[in-house]
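> dropping a prediction and its sequence here:
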Amino acid sequence: MAPPAPAVPFAARIIGWILLVTGAVGAAAAFVLTVEKIHLLRDPGYVPSCSINPILSCGSVMSTPQAEVLGFPNPVIGVLTFPVLATLGLVVLTGARLPRRVWLGANLGAAAGVLFAHWLIFQSLYRIHALCPYCMVVWVVTITAFWYLTVHNLHHRHLPAPASWRPAVDAVVRNHSVVLTVWLLAVVAAIGVQFWDYWRTLASSGAPRSHPGTASRRPGRPGRGCRAACP
């Protein structure tokens, strides 16, 4: 009698759903950001729907050079790439078995995306001093997609690892949600620390400050209501 096949970890079983959901949510957020950017280009006085206060302000982020790293709005990258991720997830859910090179290519693309996302996180927190809510959605889905692609490839040995590392790799696969949670909480902590004075002001006042718009804001500079929170 042949030995039973090894159990497939939960993280590897749900990879299709992870890719489909993160790709769909990322594509939707990127599309909305692209539409908001078009409105802002047409009317410099336009206040995007995600400009809520001096800190949560898409308009402040969109008006900076960091928002157009390749010479066109960054969300266009997401509009082009997230549907590919969602399609890959849909293909996996149909039961198709994809070759190793496809999984490695997806992992490589997600790695580039997660590096870019962390660069944008740094720029938002320590250079622009403002947060774009839709951009934060993109950060979360990019990190999640990259992590679960990595977990999948480690489990199926698409990513090479020395035999001595297998116990550690297996532990990472088993505790996939712990690693992801710690990763995302680290980003939340960085946001909380950087804007702590502003959050504390909101808590003490009991009501959010009104957002006057973005037309008078200089790119890359904190807004008028941001003095307490922005260095």
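Looks like it arrived, so ask away. Here the structure is a predicted model, which is why all the values come from computation and not from measurement.

> helix or strand right after the helix of greatest length in the chain?
The residue-count maximum for a helix in the chain (DSSP state H) belongs to helix 15-42. Proceeding N to C from helix 15-42, the next assigned helix or strand is helix 58-62, under DSSP states H and E.

> contacting residues around that following helix?
For helix 58-62, the external contacting residues (C-beta atoms under 8 Å, 6 or more residues apart in numbering) are 33, 36-37, 40, 46-51, 54, 67, 73, 124, 128, 130-135, 213-214, 217, 223. To be clear about C-beta, it is placed using only N, CA and C from the backbone, and glycine gets the same treatment.

> and those, which are buried?
Taking 16 or more other C-beta atoms under 10 Å as the criterion, what is buried in the contacts of helix 58-62 is 33, 36-37, 40, 46-48, 50-51, 54, 67, 73, 124, 128, 130-135, 213-214, 217, 223.

> most centrally placed residue in the protein?
W139 (1.2 Å; C-alpha atoms, centre = their mean).

> who are the contact partners of it?
117, 120-121, 187 are the contacts of W139 under C-beta under 8 Å, 6+ apart.

> which of the three states applies to A161?
Three-state call for A161 (DSSP: H, G, I helix; E, B strand; the rest coil): coil.

> also the one 10 residues further on?
Each residue gets one of three states, and A171 gets helix by three-state DSSP.

> just so I have it, where are all the helices in this protein?
Using DSSP H, the helices of the chain run over residues 10-13, 15-42, 58-62, 75-93, 100-123, 133-155, 166-174, 176-194, 196-205.

> most neighbours per residue, which of the ones you listed?
helix 58-62 (a mean of 27; mean count of other C-beta atoms under 10 Å).

> that helix: how far from the chain's middle?
Centroid separation for helix 58-62 versus its chain: 16 Å, with C-alpha atoms, centre = their mean, to the nearest Å.

> again, but for stretch 161-171
Offset of stretch 161-171 from its chain centre (C-alpha atoms, centre = their mean): 28 Å.

> span of that stretch from start to end?
14 Å (C-alpha to C-alpha, to the nearest Å).

> oh, and call the first residue 57 from now on, that's how I've got it
All right, first residue 57 from here; so that's stretch 217-227.

> so what's L75 closest to, chain neighbours aside?
Using C-beta to C-beta, 6 or more residues apart in numbering and skipping the chain neighbours, the partner closest in space to L75 is G145 (2.9 Å).
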